[in-house]
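Peer 1: Got a predicted model here, sequence first, then my questions.
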Amino acid sequence: MADLVSYVIRKILLAIPVILLATLIVFLMLYLTPGDPIVAIMPPHATQADLQELRAKYGFDQPFIVQYGKFLMRLLHGDMGQSVARSTLNVDVSTLLMQRLPKTLELMAIGLTISYSVGIPLGVFSALRQNSWKDRSVMVFTLIAYAMPSFWLGILLMLLFSVYLGWLQAEGTVGGFSSIILPALTLGLGNAALTTRMMRSSMLEVTRQDYITQLRSRGLPEREVILKHALKNAILPVITVIGLDIGWFVAGAVVVETVFSWSGVGMLITTSISNHDFPAVQGCILVLAIFVVLGNLIADIMYAFVDPRVRLG
């Protein structure tokens, strides 16, 4: 147990410079991006003196290294700065994130649920019917679902279930739970395809092991062999990549929330970019980067927990 704790501490310490590097890259990209957020919020008749005064107020007139240093100092005190968009001027970025983050977490949670509730049974079903037409049908489905861009899949689902059938809400959060079904399906189906393929491969490998053959030779029912013995071992590789899937969902949430006008962090990023709201973009990217790093950390911990050789190596 002590070696696992020390392994986790090492991974946490290694995650800190990764997050700092992510903030540096995002800050530099925004610094080099064409466009002036001050011009976007000031009226057309504003003078150069007015623009310069507001730039000085928000620190946009200072060199890059000074701006980045002040950004890090504010972060140490839990301050992500204030929005410079016209609609949310002077609102704390942390306040905007706290309003939007629950929606993104809700979307990711339901998307993950859909991904594994579809992917794991389909993978087992496909493996037990290897090389049959059912197996090939599942593989074709996973190929299409994984290759299709999330924005295109979202538009197709919106056309089918909202426009033609009229069953579900097409956008926003006004429809209650029904409004989250389509974005969650869009987010979850792509990862469900990957989960299906991984589960199928793992199940095929396990069912060819000698101990499975021995269990069958003893006359155990096939259902018990598969569900009680084979599935328990085959599912381990899938469980250990749950943390890595968080990165998939973080990236997908930005696109899916934009397509469905879902008021989460992803939607906030796109609107902030279009409004040249650099502090809000920096705060959003920082939060999403932390999620990706935490996802990789969870995956590393799961690997170490399942296979002690990882933490002892």
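Peer 2: Noted; the coordinates are in hand. Being a predicted model, the structure only gives us computed values, none of them experimental.
Peer 1: The residue most central in space within the chain and P279, how far apart?
Peer 2: Note on the chain: the residue nearest the mean C-alpha position is V250, at 1.8 Å, using CA atoms, centre = their mean. According to CB to CB, to the nearest Å, V250 stands 20 Å off from P279. C-beta: built from backbone N, CA, C; applies to glycine.
Peer 1: For the closest residue to I155 other than its chain neighbours, give me its contacts.
Peer 2: Spatial nearest neighbour of I155, excluding adjacent residues (CB to CB, 6 or more residues apart in numbering): V259 at 6.7 Å. Taking CB atoms under 8 Å, 6 or more residues apart in numbering as the criterion, V259 is in contact with S150, F151, G154, I155, M158, P183, T186.
Peer 1: So what's the residue count around the first one?
Peer 2: Translated: S150. 21 (other CB atoms under 10 Å).
Peer 1: From F27, how far off is it?
Peer 2: Distance from S150 to F27, by CB to CB: 27 Å.
Peer 1: One more: G188?
Peer 2: 32 Å.
Peer 1: quick one, which of the two is more surrounded?
Peer 2: Using other CB under 10 Å as the criterion, G188 and F27 rank with G188 on top: 27 against 20.
Peer 1: Would you agree the more buried one falls within a strand?
Peer 2: No: per DSSP: H, G, I helix; E, B strand; the rest coil, G188 lies outside any strand segment and is helix.
Peer 1: Which of the helices or strands spans the nearest residue to it once chain neighbours are set aside?
Peer 2: Nearest non-adjacent residue to G188, counting by CB to CB, 6+ apart: I114, 3.3 Å away. Secondary structure from DSSP states H and E places I114 in helix 93-128.
Peer 1: Okay, buried residues for that helix please.
Peer 2: Under the neighbour-count criterion of 16 or more other CB atoms under 10 Å, helix 93-128 has 93, 96-97, 100-101, 103-104, 106-108, 110-112, 114-116, 118-120, 122-128 buried.
Peer 1: Check S137 and give its pLDDT.
Peer 2: Looking at S137, its pLDDT is 91.
Peer 1: To what extent is it buried, counted in neighbours?
Peer 2: The burial count for S137: 12, using other CB under 10 Å.
Peer 1: Show the secondary-structure elements that the host helix or strand of it is packed against.
Peer 2: S137 belongs to helix 133-147 when assigned by DSSP H and E. For helix 133-147, the packing partners by 3 or more CB pairs under 8 Å, 6 or more residues apart in numbering; DSSP states H and E come out as helix 93-128, helix 178-207.
Peer 1: list the buried ones in the helix or strand just after that helix?
Peer 2: Under the assignment DSSP H and E, the closest C-terminal helix or strand after helix 133-147 is helix 150-158. For helix 150-158, a neighbour-count test (16+ other CB under 10 Å) marks S150, L153, G154, L157, M158 as buried.
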